[in-house]
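>>> give the three-dimensional model of this entry:
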Amino acid sequence: MPPAPAPALPLLLLFLAALATGAAAAAEVDALLSFKSALTVPPAAAPFFATWDAAAADPCGFAGVSCGGAGRRVTGLSLPGLNVSAESVPFADLCAALPSLAALSLPENSLAGGIAGVVACAALQELTLAFNGFDGAIPDLSPLARLRKLNVSSNRFAGAFPWASLAAMPDLSVLALGDNPFLAPTAAFPREVTRLTNLTVLYMSAAKIGGNIPPEIGDLVSLVDLELSDNNLTGVIPKEIGRLTNLTQLELYNNSLRGDLPAGLGNLTKLQYLDASQNMLTGTLAVLASLKRLVSLQLFFNHFTGEVPPEFGDFKELVNLSLYSNHLTGELPRSLGSWAQFNFIDVSTNALSGPIPPDMCKQGTMLKLLMLENNFSGGIPATYASCKTLVRFRVSKNSLSGEVPEGLWALPNVNVMDLAGNQLTGAIGDGIGNATAMTSLLLAGNRFAGAIPPSIGNAASLENMDVSENELSGELPESIGRLSRLNSLSIGANAIGGAIPASLGSCSALSTVNFTRNKLAGAIPEELGNLPRLNSLDVSRNELIGAVPASFAALKLSFLNLSDNRLGGPVPEALAISAYGDSFVGNPGLCATNGAGFLRRCTPGSRSRSANAARLVVTCVLAATAVLLAALGVTLYLRKRRRAEASAAGALGSAKKGSWDIRSFRVLAFDEREIIDGRDPARERGEAAVQHHERGRGGEPAGVRAPAQRQPGRAAARGGGEEAGRARVGGAARHRGGRSEGARVPPPRLRPPHPAPRRQVQQHPPRRGLQAPPRRLRPRQDPQRRLARRRLVRRRRRRHARLHGARVRVHLEGDGEERRVQLRRGAAGAGDGAAGDGAGGGGRRRPGGLGVAAAGEPGQGHVPGGRAGHRGVGPGGGRAGAARRRAVHQPDAVDAPVHALRRADAGGRRRRAGGRRKAPPGQAGHLNIYLKVDQQVVQ
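Numbers count the residues shown, from 1 in each chain. Below you'll find the predicted structure:
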């Protein structure tokens, strides 16, 4: 009987199978470890490879390794973003050791070399080598017939892509060849691509593809992502693209496409990302009004016209809108950006108008608001003052007006604040110091006023500050020296004054300084010459003084402008070169020691003069201040004195302002005889005659004539006669013929029986015969009172005879009547008939003579009325002369006035002042002498 079969055979087979599996697993472990050894692993990736242990029974536990199938074979290897590097990857050995490898993903590393060995992985379905440094030619990929995903983008492949090999990959769904700048250009769009009907992602950006987009592109109905940017595509966007209804992303930017957007584009209702920027597209945006699921719309750098569709304001998922550099007009929808997490808008360089939509930061996610170079008007909405997420706020070159919301200055995350080229007003807010992230502050070309706030020194990140062409004033704050990162500072075309702060020398990064067209004064600080990076300096058209700092010799300036200041002294030799020839014009005090042709040669004293320029200016300022203070003190003193004098002269309301002298004296009592007897020949000048005219007891007319001598001397001429009473002196006479004083009636020698009250008499010019010191009274008068005064003066001129250069009147009072005795130039006397003629004969044809004639009742005199230099003047007769015509009869018994009411030299002063009415040469002035007698005064 034969023996039964041994049961150990199946076990043996199982053992052999297990042994083979173990051997295969060990081989895969060795292959993976060998692959790792070809890589350079950075320390950051070391933990990832910690599980790659040589003692492991199989590699399925290795990080990045996946296994599958009954034999637990390696089917996938993924090492993404580990930054491992290698000059050459052993693809052939890896594929031979891993025959079941279906997915090989090595993106975002630093791998280099060729990929020819990868075709040995016949089982590959996914090959991802993107974002590495692989180079060389892409091999024929036909052996990889099972490929569904091919991504070799962002490498350094060269040569032509094997488009024909795509025909062997009917299941290919992802084709990514983009961003390989060294691929050979393709003249036309490859037709092999349009036959890959299973494609969902076609990424061929920057693949040097030319020609038109073929209409067959519409056959790829499964496409979700179509990216053809950065190529050489021309022609129009085919209307067949409207058949790609599954598209969510369409990227066509940076080509040469032209024409309008196809109408079928509106059928892509699933589209979320549309970018057709940097083309030559035209037409309107109306076709996009139905794309309500848009998240990002970028159409910048085209030629679109018309308005932004109002429907854009209802796009509830829109977060990014970029339409800059087109020809769009009209207003933006008011509700734009108010629905979604809106974070970016750029509509710059269009012709948009109207207000800025106020709610684009309604959700608090706005990052960048760029609306430069449009016609937006109105103010900056206050809602953006609380938009804490803003990073850039740029609205320059519009027509915005009003003040900037205060909170906008203090936004903590803004790094660019650009408000230039508008009509904004107000001041730069103090909150600018809280903008600690700001790097650029651009405010040029507005109407900002006030001073630059000192808090600007707290904006520590500031690198570029341009506040030129505004209405800023005040001084440049010292705190600006704390801006250690400041690279460019421009404050030109303002009204900023004061000195350039020396603290500016602490801004070590400063390379450009523009202070032109301001009111800066003082000297240029030496510290500016210590700025190591200073490349451009413009301080022209200011009021700077002193010398050019010697420290400037060490600067390497490509531009220097110090013109139109008041600088002086020698220019450092390093700057006195022809390259800077126009930099010093308008500073006549500058000179050059090396004899540069555009500067005068320095003299030995030039340096000392320039060194003392600032000191001289300070000295002059201090001296001028002292003079002004002294003048102010004198003015206040004189004003106080005038007020006191005006108060003391309140009773003299009829006096003309500032034209009279005040002398105070006592009223003396004497009679008319004492006046005649008290003459002092030593004090008389010229030749004159004084006639006392009255009637005797029997009624006979009587005349007394007393001549006056020119030569000095003193004589007492006494004569008989009745005592006439008491007299009051009210004026004085001065003869202005030639340079000598005129005849003067001396005061009487009698003393009053008791002290008389003090009175003030106005007189011009001052009487030297009175001993009391003068007091000047200059009362203020209103125009109406001054006019009335002038009218009174004119009337009295007509009533009284005047003698130019002499001022004497004698009034006789008695028995309730008053008579006037008038003194005339050239009149020798006046009487009734022959008596008057005889008394006055001595003064014939002597223009310097003085005579007294009484004006009263008409007598029988036969002497005609005379003029200056003629025979005596008589009061009587039918042919009575000027004396009678000018005589004034005052019948009322009133007291004599206390002071004269007329400036005696009014005519003469008007003639000397020029422009006023000239008095006739025969007119006489007056000196009032009042005589009060007890007896009846005979006329």
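>>> may I see the buried residues of stretch 233-251?
Buried residues in stretch 233-251, defined by neighbour count with 16 or more other C-beta atoms under 10 Å: 233, 237-238, 240-244, 247-251. Any C-beta I mention is one placed from the backbone N, CA and C, and that applies to glycine too.
>>> now, these that are in strands?
Using DSSP state E, 233, 249, 250, 251 are the members of the buried residues of stretch 233-251 that sit in strands.
>>> how near is the third one to residue 264?
Taking C-beta to C-beta, to the nearest Å as the criterion, residue 250 is separated from residue 264 by 12 Å.
>>> what's the overlap in contacts for these two?
residue 241 (C-beta atoms under 8 Å, 6 or more residues apart in numbering).
>>> show me which pair in the buried residues of stretch 233-251 is furthest apart.
The most widely separated members of the buried residues of stretch 233-251, counting by C-beta to C-beta, are 233 and 248 (20.9 Å).
>>> any buried residues in stretch 37-53, and which?
Buried, per 16+ other C-beta under 10 Å, within stretch 37-53: 39, 41, 45, 49, 52.
>>> let me see the mean pLDDT of it.
For stretch 37-53, mean pLDDT is 94.
>>> endpoints of stretch 268-281, how far apart?
When the termini of stretch 268-281 are compared using C-alpha to C-alpha, to the nearest Å, they are 19 Å apart.
>>> let's have the chain start at 33 instead
With the count now opening at 33, the last piece we talked about shows up as stretch 300-313.
>>> what comes up buried for that stretch?
In terms of neighbour count (16+ other C-beta under 10 Å), stretch 300-313 has its buried residues at 300, 303, 304, 305, 306, 307, 308, 309, 310, 311, 313.
>>> next, format those residues as JSON lines and append secondary structure.
Below are these laid out as JSON lines (DSSP: H, G, I helix; E, B strand; the rest coil):
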{"residue": "300", "secondary structure": "coil"}
{"residue": "303", "secondary structure": "coil"}
{"residue": "304", "secondary structure": "coil"}
{"residue": "305", "secondary structure": "strand"}
{"residue": "306", "secondary structure": "strand"}
{"residue": "307", "secondary structure": "strand"}
{"residue": "308", "secondary structure": "coil"}
{"residue": "309", "secondary structure": "coil"}
{"residue": "310", "secondary structure": "coil"}
{"residue": "311", "secondary structure": "coil"}
{"residue": "313", "secondary structure": "strand"}
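>>> nearest to residue 333, of these?
If you rank these by distance to residue 333 using C-beta to C-beta, residue 310 comes first, at 4.4 Å.
>>> check contacts around that closest one.
The contact partners of residue 310, by C-beta under 8 Å, 6+ apart, come to 285, 286, 287, 332, 333, 334.
>>> restricted to buried residues, select those in ChimeraX.
Selection of buried members from the contacts of residue 310 for ChimeraX, criterion 16+ other C-beta under 10 Å:
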select :285,286,287,332,333,334
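>>> the contacts of residue 310 into JSON lines, with extra columns for distance to residue 632, secondary structure and pLDDT?
Listed next are those as JSON lines, based on distance: C-beta to C-beta, whole Å; DSSP: H, G, I helix; E, B strand; the rest coil; pLDDT from 0 to 100:
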{"residue": "285", "distance to residue 632": "62", "secondary structure": "coil", "pLDDT": "97"}
{"residue": "286", "distance to residue 632": "59", "secondary structure": "coil", "pLDDT": "97"}
{"residue": "287", "distance to residue 632": "64", "secondary structure": "coil", "pLDDT": "97"}
{"residue": "332", "distance to residue 632": "57", "secondary structure": "coil", "pLDDT": "98"}
{"residue": "333", "distance to residue 632": "55", "secondary structure": "coil", "pLDDT": "98"}
{"residue": "334", "distance to residue 632": "60", "secondary structure": "coil", "pLDDT": "98"}
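>>> for the contacts of residue 310, which one is nearest residue 827?
Checking the contacts of residue 310 against residue 827 with C-beta to C-beta, the nearest one is residue 332 at 93.2 Å.
>>> thinking residue 140 is in contact with residue 160, fair?
No - applying C-beta atoms under 8 Å, one finds residue 140 not in contact with residue 160, separated by 9.7 Å.
>>> more neighbours, these two?
Using other C-beta atoms under 10 Å, the more surrounded residue of residue 140 and residue 160 is residue 160, with 21 against 17.
>>> ok, what's across the strand from that one?
Note on residue 160: beta-bridge partners residue 137, residue 183, judged by DSSP bridges.
>>> re the thing from before, now, which of the buried residues of stretch 265-283 sits nearest residue 591?
Among the buried residues of stretch 265-283, residue 283 lies closest to residue 591 (C-beta to C-beta), at 43.9 Å.
>>> any idea what that closest one is bridged to?
Beta-bridge pairing for residue 283 (DSSP bridges): residue 259, residue 307.
>>> give me the distance between it and residue 229.
Counting by C-beta to C-beta, the separation of residue 283 from residue 229 is 21 Å.
>>> one more: residue 612?
Distance from residue 612 to residue 229, by C-beta to C-beta: 72 Å.
>>> who's more crowded, those two?
residue 612 (19 against 12).
>>> skipping adjacent residues, who's closest to that one in space?
Nearest non-adjacent residue to residue 612, counting by C-beta to C-beta, 6 or more residues apart in numbering: residue 592, 5.3 Å away.
>>> OK, contacts around that neighbour?
568, 569, 570, 607, 612, 615.
>>> what's the answer for residue 581, then?
By C-beta under 8 Å, 6+ apart, residue 581 lies in contact with 556, 557, 558, 560, 561, 604.
>>> so what's the backbone phi/psi at it?
In terms of degrees, to the nearest 10, the main-chain angles of residue 581 are phi -60, psi 140.
>>> got the domain boundaries for the chain?
As recorded under automatic domain parsing, the domains making up the chain are 52-216, 458-634, 698-799+833-964.
>>> please enumerate the helices of the stretch 333-482 of the chain.
Using DSSP state H, counting those that start in this stretch, the helices of the stretch 333-482 of the chain run over residues 438-441.
>>> cool, and the chain?
Along the chain, the segments classed as helices by DSSP state H run 40-69, 123-129, 223-226, 438-441, 638-680, 704-709, 815-831, 866-871, 914-918, 938-945.
>>> make CSV out of the contacts of residue 592 and add pLDDT and distance to residue 224.
CSV is the format used below for those (pLDDT from 0 to 100; distance: C-beta to C-beta, whole Å):
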residue, pLDDT, distance to residue 224
568, 96, 57
569, 96, 63
570, 97, 62
607, 86, 69
612, 83, 66
615, 90, 67
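>>> among these, the buried ones, what's the PyMOL command?
Those of these that count as buried under 16+ other C-beta under 10 Å are selected in PyMOL with:
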select buried, resi 569+570+607+612+615
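>>> out of the buried residues of stretch 300-313, the closest to residue 475 would be?
Relative to residue 475, the closest of these is residue 309; by C-beta to C-beta it sits at 30.1 Å.
>>> quick check: the closest one touching residue 283?
No - in this structure, residue 309 is not within contact of residue 283 by C-beta under 8 Å, at 9.5 Å.
>>> select the helix or strand of this structure having the lowest average pLDDT value.
Among the helices and strands of the chain, strand 758-761 carries the lowest confidence by mean pLDDT, DSSP states H and E, at a mean of 34.
>>> could you give the bridge partners of the nearest residue to residue 220 once chain neighbours are set aside?
With sequence-adjacent residues excluded and distances taken as C-beta to C-beta, 6+ apart, residue 220 is closest to residue 243, at 3.8 Å. Bridge pairing for residue 243 (DSSP bridges) gives the partners residue 265.
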